[in-house]
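> Sequence plus the predicted model coming up.
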Amino acid sequence: MGLTLGLVAANGQREPRSKPWRVDRLRIPEIERIAERLGCFDLTDHMPRARHLFLSHVMTYGTIEEVVAVEKHFSEDEFVQALRWAPPGIFDKYSWNYWNLKFDRVPVPPLPRRRFLKEATLKTDH
């Protein structure tokens, strides 16, 4: 038996498996420059989490020129998945609302938030 790791959204849903994202997109100088400016971690990681984190940072902190550049290399579906699995603490209210409305995610879901152990335990007690 192997251990399967995956992302869990704030609503408790587990992220479906997805094919590894193309690392060659990260070797594009324009994408590397954007990732470096945004302070993004090791983008050679094949995990979907790295893609979601990178796109979340772009949607929140990227300039319009950076967003346009990234949109050339990542699909609309990848942006939507980044919203769906966004980690808490990256998006501000303005960016969260803008991107959700742009991709017709209406009503806009609440911002992702951190759940503390006691809070998570209370929700599972019956």
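Yes, it's here. All values reported here derive from a predicted model rather than from experimental measurement.
> Please count neighbours and contacts with C-alpha atoms only from this point.
Will do.
> Check this structure for its longest helix and report it.
What stands out as the longest helix in the chain, according to DSSP state H, is helix 48-61.
> Can you tell me, leaving aside adjacent residues, what's nearest to residue 30?
Counting by C-alpha to C-alpha, 6 or more residues apart in numbering, residue 69 is the residue found nearest to residue 30 once chain neighbours are left out, at 7.4 Å.
> and the one you found, how far is that from residue 34?
Per C-alpha to C-alpha, to the nearest Å, residue 69 is found 9 Å from residue 34.
> who has more neighbours, the two?
residue 34 (21 against 14; other C-alpha atoms under 10 Å).
> and the more buried one, which of the three is it?
Following DSSP: H, G, I helix; E, B strand; the rest coil, we place residue 34 in the helix state.
> Surely it and residue 66 touch.
Yes. Contact criterion C-alpha atoms under 8 Å: residue 34 and residue 66 qualify, at 6.6 Å.
> rewinding a little: which strands and helices sit next to the longest helix of the chain?
helix 64-71, helix 76-84, helix 93-102 (3 or more C-alpha pairs under 8 Å, 6 or more residues apart in numbering; DSSP states H and E).
> do you know which of those helices lies nearest residue 56?
helix 76-84 (6.1 Å; C-alpha to C-alpha).
> contact partners of that closest one?
9, 51-53, 55-56, 99-100, 103 (C-alpha atoms under 8 Å, 6 or more residues apart in numbering).
> Let's see that with 10 Å instead.
With contact meaning C-alpha atoms under 10 Å, 6 or more residues apart in numbering, helix 76-84 is reached by 9-10, 15, 21, 48-59, 70-71, 75, 86, 91, 96, 99-100, 102-105, 109, 111-112.
> any idea how far residue 90 is from the nearest residue to residue 99 once chain neighbours are set aside?
Spatially, and ignoring its direct neighbours in sequence, residue 99 is nearest to residue 59 (7.4 Å; C-alpha to C-alpha, 6+ apart). Distance of residue 59 to residue 90, given as C-alpha to C-alpha: 9 Å.
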